[in-house]
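> Give me a model of this one.
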Amino acid sequence: MKRKLVYDFPTQIFHWSFALLFIIAFSIAKLIDDNSPRYSFHMLAGILLNFTLFIRIIWGFIGSQHARFCDFSLRPSSLVQYFKTLLAPAHKKWTGHNPASSWAAILMMICAVGLGTTGYLMTATPNKETYEEFHEIFANGFFVLAVSHIAGVLLHSLRNRDGIGLSMIDGKKNDVSDQETIASSYWKTGILMIALMSAFSFYLCKNYDRQNKTLQLFGNTLQLGEAGERENESE
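The predicted structure is shown next:
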């Protein structure tokens, strides 16, 4: 059966950028000592992740049909019914985000905002310990949600054989009526999104002082590590 376009290019760009930036930030936090000069990239990745989320929130109101938040299925009863019928031979088809992925997306966005807020407070104020525990709770919550989301996609794909795992790669799904498809992939908007993310990445690099581990962010000085520590080039 012919696959039809459901998700636009900006939504796909956000999906993979959001995932990659979280993996980078989370991995650095877990694998690299916080006294290492490389640990600062944990914060830089987190800042870029929240910038990307800011763009996605805007697109969630003005984007194509299935990119908009109003298309998300967030009724608790729909979520319960979705899990009840997930393994049933006959089940409801969801063109856009199904209830599970809708809740996962929203909750991960909330966790990202929580991470960005607590991370900012940890670097902009002297009371780092006050916000550190909350920051870790948001990070672990995001991780659990991400793993659960991946497991759900795999379970759905194995049970239904509908290629849903490819939908965030090619933007298409099976069994979609012509009325539910989108007319354009909005590839120009996707390119603009990539350009904005690239420009903001350049801004972060330009304003990051590696020696003092400080970042000048829109007029505010963020301390991303202990000042005066230099990386041992011989290691």
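
> any idea how far the longest helix along the chain is from the chain center?
Ordering each helix of the chain by length in residues (DSSP state H) puts helix 128-160 first. Between the centre of helix 128-160 and the centre of its chain there are 11 Å (C-alpha atoms, centre = their mean, to the nearest Å).

> what's that helix packed up against?
Contact here means 3 or more C-beta pairs under 8 Å, 6 or more residues apart in numbering; DSSP states H and E; on that basis helix 128-160 packs against helix 9-31, helix 99-124. Any C-beta I mention is one placed from the backbone N, CA and C, and that applies to glycine too.

> Now render those as TSV, adding distance to residue 60, mean neighbour count and mean pLDDT.
Formatted as TSV, the helices and strands packed on helix 128-160 follow (distance: least, C-beta to C-beta, whole Å; neighbours: other C-beta atoms under 10 Å; pLDDT from 0 to 100):
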stretch	distance to residue 60	mean neighbour count	mean pLDDT
helix 9-31	9	18	97
helix 99-124	9	19	95
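
> okay, the ones you listed in a markdown table with distance to residue 167 next?
Shown next, in a markdown table, are those (distance: least, C-beta to C-beta, whole Å):
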| stretch | distance to residue 167 |
| --- | --- |
| helix 9-31 | 9 |
| helix 99-124 | 10 |
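
> Which of those sits closest to residue 80?
helix 99-124 (8.4 Å; C-beta to C-beta).

> Tell me what angle the closest one forms with helix 128-160.
160 degrees (axes from the mean of the first three to the mean of the last three C-alpha atoms, to 10 degrees).

> what inclination does helix 99-124 have with respect to helix 9-31?
If you take the same axes, to 10 degrees, helix 99-124 sits at 50 degrees to helix 9-31.

> Remind me what helix 99-124 packs against, helices and strands.
Helix 99-124 packs on helix 9-31, helix 40-62, helix 76-85, helix 128-160, strand 220-223, going by 3+ C-beta pairs under 8 Å, 6+ apart.

> Export the ones you listed as CSV, with columns for distance to residue 122.
Shown next, in CSV, are the helices and strands packed on helix 99-124 (distance: least, C-beta to C-beta, whole Å):
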stretch, distance to residue 122
helix 9-31, 12
helix 40-62, 9
helix 76-85, 33
helix 128-160, 5
strand 220-223, 9
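
> So which of those is nearest residue 174?
Taking these one by one with C-beta to C-beta, helix 128-160 is closest: 9.3 Å.

> ok, then the element right after the closest one?
Once helix 128-160 ends, the next helix or strand along the chain (criterion: DSSP states H and E) is helix 167-170.

> Residues contacting that following helix from elsewhere in the structure, which ones?
3, 6-7, 11-12, 15-16, 173 (C-beta atoms under 8 Å, 6 or more residues apart in numbering).

> Also stretch 48-55?
10, 14, 17-18, 21-22, 25, 109, 112-113, 115-116, 193, 196-197, 200-201, 204.

> Please export the C-alpha coordinates of that stretch as PDB.
Extracted C-alpha coordinates of stretch 48-55, given in PDB (Å, rounded to 0.1, in the frame of the first residue of the first chain):
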ATOM      1  CA  LEU A  48      20.700  24.200  22.200                       C
ATOM      2  CA  LEU A  49      18.100  21.600  23.000                       C
ATOM      3  CA  ASN A  50      15.900  24.200  24.700                       C
ATOM      4  CA  PHE A  51      16.400  26.600  21.700                       C
ATOM      5  CA  THR A  52      15.300  23.900  19.400                       C
ATOM      6  CA  LEU A  53      12.200  23.200  21.600                       C
ATOM      7  CA  PHE A  54      11.300  26.900  21.500                       C
ATOM      8  CA  ILE A  55      11.200  26.700  17.700                       C
END
